[in-house]
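Asks: what's the 3D shape of this:
(2 chains)
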Amino acid sequence: MTDAVLSAPVATPAPDRERLAAFGFVAPSLLITALVFVLPLALLLGVSVLDPKGGVTSAHYARLLGTPYYLGVIWNSLRLGLLTTLIAFLISYPAAFALARARGPLRSILLATLFLPLAASVIVKAFAWTILLRSDGLINTVLIAAGIIEDPIRMIFTQTALIVGAVNIFLPFMVLPIYAVVAQLDSRYAEAAATLGASPLVVFFRVILPLTLPGIVAGVALVFSLSVSAYVVPTLLIGEKYPTLATTIAKAYLLAREPGFGAAAGVVLLAIAIIVVALSALLSREPK
Amino acid sequence: MSEPAPHLVISAVSKRFGAATVLDRVDLTIRRGELVTLLGPSGCGKTTLLRAIAGLSPPDTGTIALAGRDVTHVPPHWRNVGVVFQSYALFPHLTVAGNVAFGLKVRGAPKADIDRAVQRALALVKLGHLGGRRISALSGGQQQRVALARAIAVEPDVLLFDEALSALDRKLREEMQIELRRLLQDVKATAIFVTHDQDEALTMSDRVAVMNKGRIEQLAAPRELYARPASLFALNFVGLSTRIAGQVVGGQDGMVDVVTPVGRLSARGAFQLGASVIVATRPEQLRLGADHEANSASGRVRSVVFQGSRTLVDVDAGAGASLLAELSGREAEVPRVHDEVRFAWPAAETFAFAAEASP
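Replies: Numbers count the residues shown, from 1 in each chain, chains lettered A, B, ... in the order given. The predicted model follows:
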């Protein structure tokens, strides 16, 4: 190579300039992310530990984590999140396979049934469940008319109502990520496993389940973080007797005027969601 | 030499998908240690036959016996077959060694045996050092080898290759063909390849089954398949040829005389007088110059294609007929485009096929 070639102007800019230019392109979105996500979270964290009389305090956290009542509230949220996620998963996993196997108009109809409820507000759907479940509601009326029961069954404001409603409302967030993975799953994997001597059960547990794990993790992360922090669903479907972190936060801000305590409850809720999501993500790591 | 016992016996196997007959009473017997290729265009039924042997798609009627056992309706996991898929279908959530060990693990083999078999299989495909790798970190050629090691590790009664080499680039594919054949002969494997690539079929197999429309048109050793095609389809699918249409005007002793636009030709075949036939021969049979004992025809050279070891000469013989001649690189005299030439070729290497069988 000659000097003339080396000293000739090159089309590619120097690495430093390139990196700077790249940062310039990303900067606006970084700024928006910081303003919309990082700043409020920092404020929340700050408010939860700041004493209005000055200084730093852990009193709000001590009250949350030291009072049996509030530990019960935390457990209520956790229970709502775990049960909803588990039941939604058990329904969604086979549903995602059925959806992926369906062809033509059937598939469109099934997908539409899954998507359309997302267009309706959570409040509308929760109210719809109260209409179905209350003592003079549709289900009781039908059961009485059919002679199956004599007196209305108490369904509304029970934990069953809460879980049924939550599962129904958050179901699409479990089905869709699993469906996305299942639809991409090459049927050759199962065939290869079968020819290698794996029975259908072994094929499922050693091949299908691990390969669809990313979809499951995404669905679990979405549905758990949505249901653990749900506010409208427990408020409308079970009410006062099942206080959750979300309803406690609302009360702290709106009724008790205790922003510090509300912020602390918010941080605890966030921590629970992050821990569960991180744990489920660990499960789907690639080998080595 | 004693004839080995039949190892895989396929009898009158048929399969329909809706209105389409994909396999039409196929018979095929394969001996232990034999390498057989199912060769044909897409839709000829070759993959369906392979899937029937693997148990992935059982036939509607007919039977399949493997290693002396009727397996027609035995599910794949009880068959002891090894399949190498076109897409390889390597498990992305397992390492290279994990993939190769899979078949032995699900059979509940002891860990020490599994480790030994995995090492052996990986060494066989020259990937002994890559056992810990992720599948996504391998090249296409390496993935192909892992798929082969995975199928070999369980010591299957028959190895099935579904277009297994077609995803590789040409040079790698040609190397793999020769290496794979040697490897399979070393481990004395019985193998069936499915391919639409005639070179692969000729290189890899002891026998080739040419398939068309759900039937086996011809089952023969590669050399015989090329030299003695049983049908116009087999002739067209394997190798190049000169084909001229004509009418039978006479014949005896398995030879017919055919009147064609390029003159009167003699060919192997038995047809009634007046039958419409296609007369064909292989390009390397054509020699420059006249020969009164043999078939011959003349025309004007349309193109000359130099391909290294050989030169292909395409001649316009008039009336829509053309001659294709292959001259070896050693031949001094190669005609030029527009030259008037005469070629001769032996009648014994000329075949007549029924014209209506034309695809």
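Asks: Could you list which residues are in contact with the nearest residue to B:Pro229 once chain neighbours are set aside?
Replies: Using CB to CB, 6 or more residues apart in numbering or on different chains and skipping residues adjacent in sequence, the residue nearest B:Pro229 is B:Leu235, 3.8 Å away. Backbone N, C-alpha and C define where each C-beta goes, glycine included. The neighbourhood of B:Leu235, defined by CB atoms under 8 Å, 6 or more residues apart in numbering or on different chains, consists of B:229, B:241, B:243, B:280, B:351, B:353.
Asks: how far is the helix or strand the fourth one falls within from where the chain is centred?
Replies: The reference is to B:Ala280. Following DSSP states H and E, the helix or strand that holds B:Ala280 is strand B:276-281. Chain-centre distance of strand B:276-281: 23 Å, with CA atoms, centre = their mean, to the nearest Å.
Asks: Write out the residues of chain B neighbouring chain A.
Replies: Within chain B, the positions adjacent to chain A are B:54-56, B:75-83, B:85, B:87, B:89-95, B:98, B:102-103, B:106-107, B:132, B:134, B:150-151, B:154 by CB under 8 Å from any CB of the partner chain.
Asks: Type out the PyMOL command that picks the buried ones from those.
Replies: Listed next is the PyMOL selection for buried residues among the residues of chain B next to chain A, using 16 or more other CB atoms under 10 Å in any protein chain shown:
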select buried, chain B and resi 54+55+56+76+77+79+80+81+82+83+85+89+90+91+93+94+95+98+102+103+106+107+134+150+151+154
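Asks: Okay, now the unreliable bits of the stretch 201-350 of chain B?
Replies: Counting by pLDDT under 70, the ranges of the stretch 201-350 of chain B that qualify are B:329-332.
Asks: For it, which segments are assigned as strands?
Replies: For the stretch 201-350 of chain B, strands defined by DSSP state E, counting those that start in this stretch occupy the ranges B:207-212, B:215-220, B:242-252, B:255-260, B:263-268, B:276-281, B:287-288, B:295-306, B:310-318, B:321-328, B:340-345, B:350-354.
Asks: Could you look over those and pick the most buried one?
Replies: Neighbour counts (mean count of other CB atoms under 10 Å in any protein chain shown) averaged over each of the strands of the stretch 201-350 of chain B peak at strand B:207-212, with a mean of 26.
Asks: Just checking: what are the partner strands of that strand?
Replies: strand B:35-39 (parallel), strand B:215-220 (antiparallel) (DSSP bridges).
Asks: Mind checking those for the one nearest to B:Gly289?
Replies: For the strands paired with strand B:207-212, the distance to B:Gly289 is smallest for strand B:215-220, at 31.9 Å, taking CB to CB.
Asks: neighbouring contacts of that closest one?
Replies: Here strand B:215-220 makes contact (CB under 8 Å, 6+ apart) with B:24-28, B:45, B:207-211, B:225, B:228-231, B:233-234.
Asks: what about 10 Å?
Replies: Under the contact criterion CB atoms under 10 Å, 6 or more residues apart in numbering or on different chains, strand B:215-220 has outside partners B:10, B:21, B:23-30, B:36, B:38-40, B:44-46, B:49, B:207-212, B:224-235, B:237-238, B:357.
Asks: show me what contacts the closest residue to chain A within the stretch 101-250 of chain B?
Replies: Per CB to the nearest CB, B:Gly103 is where the stretch 101-250 of chain B lies closest to chain A, at 3.5 Å. With contact set as CB under 10 Å, 6+ apart, B:Gly103 has these partners: A:192-193, A:195-198, B:77, B:80, B:82, B:109, B:114, B:117, B:121, B:150-156.
Asks: ok, now how distant is it from B:Arg181?
Replies: If you measure B:Gly103 against B:Arg181 using CB to CB, to the nearest Å, the figure is 23 Å.
Asks: which ones are touching residue 184?
Replies: Defaulting to chain A. With contact set as CB under 10 Å, 6+ apart, A:Gln184 has these partners: A:100, A:211-212, A:215.
Asks: ah, I was thinking of chain B
Replies: Shown here is B:Leu184, whose contacts under the criterion CB under 10 Å, 6+ apart are B:33, B:35, B:148, B:152, B:159, B:161, B:190-191, B:193, B:204.
Asks: among the residues of chain B next to chain A, which are in strands?
Replies: Taking DSSP state E, the ones among the residues of chain B next to chain A that sit in strands are B:81-83.
Asks: and the nearest residue to B:Pro6 once chain neighbours are set aside, backbone torsions?
Replies: Among residues not flanking B:Pro6 along the chain, B:Thr29 sits closest, at 4.9 Å (CB to CB, 6+ apart). Main-chain torsions, B:Thr29, degrees, to the nearest 10: phi -120, psi 130.
Asks: Bridged to B:Thr29, which residues?
Replies: The partner list for B:Thr29 in beta bridges (DSSP bridges) reads B:Val9.
Asks: per-residue confidence at whichever residue of the stretch 1-150 of chain A sits closest to chain B?
Replies: Using CB to the nearest CB, the point where the stretch 1-150 of chain A gets nearest to chain B is A:Arg103, with a distance of 14.2 Å. Here the pLDDT value assigned to A:Arg103 is 90.
Asks: For A:Phe115, see how far away it is.
Replies: With CB to CB as the criterion, A:Arg103 and A:Phe115 are 18 Å apart.
Asks: before we move on, what about B:Ala245?
Replies: The spacing between B:Ala245 and A:Phe115, counted by CB to CB, is 61 Å.
Asks: One more: B:Gly214?
Replies: Relative to A:Phe115, B:Gly214 is positioned 43 Å away (CB to CB).
Asks: These two: which has the busier surroundings?
Replies: Under the criterion of other CB atoms under 10 Å in any protein chain shown, the comparison of B:Gly214 against A:Phe115 puts B:Gly214 first, with 23 against 12.
Asks: you'd agree that one is up against B:Thr47?
Replies: No - at 11.7 Å, B:Gly214 does not count as touching B:Thr47 under the criterion of CB atoms under 10 Å.
Asks: which residues do those two both contact?
Replies: When contacts are counted by CB under 10 Å, 6+ apart, B:Gly214 and B:Thr47 are jointly contacted by B:22, B:40.
Asks: And stretch B:71-81, end to end?
Replies: Using CA to CA, to the nearest Å, one end of stretch B:71-81 lies 11 Å from the other.
Asks: so for it, what's the average pLDDT?
Replies: Model confidence over stretch B:71-81 averages 94 on the pLDDT scale.
Asks: who in the stretch 1-150 of chain A is up against chain B?
Replies: With the criterion set to CB under 10 Å from any CB of the partner chain, the stretch 1-150 of chain A never comes near chain B.
Asks: follow-up on the earlier one: I'd like to know which of the contacts of B:Gly103 are buried.
Replies: When neighbours are counted using 16+ other CB under 10 Å, these contain these buried positions: A:192-193, A:195-198, B:77, B:80, B:82, B:109, B:114, B:117, B:121, B:150-154, B:156.
Asks: Please list the members of those residues that lie in helices.
Replies: When helices are assigned by DSSP state H, the members of the buried ones among the contacts of B:Gly103 inside them are A:192-193, A:195, B:114, B:117, B:121, B:150-153.
Asks: Where does the prediction get shaky in the stretch 1-150 of chain A?
Replies: A:1-15.
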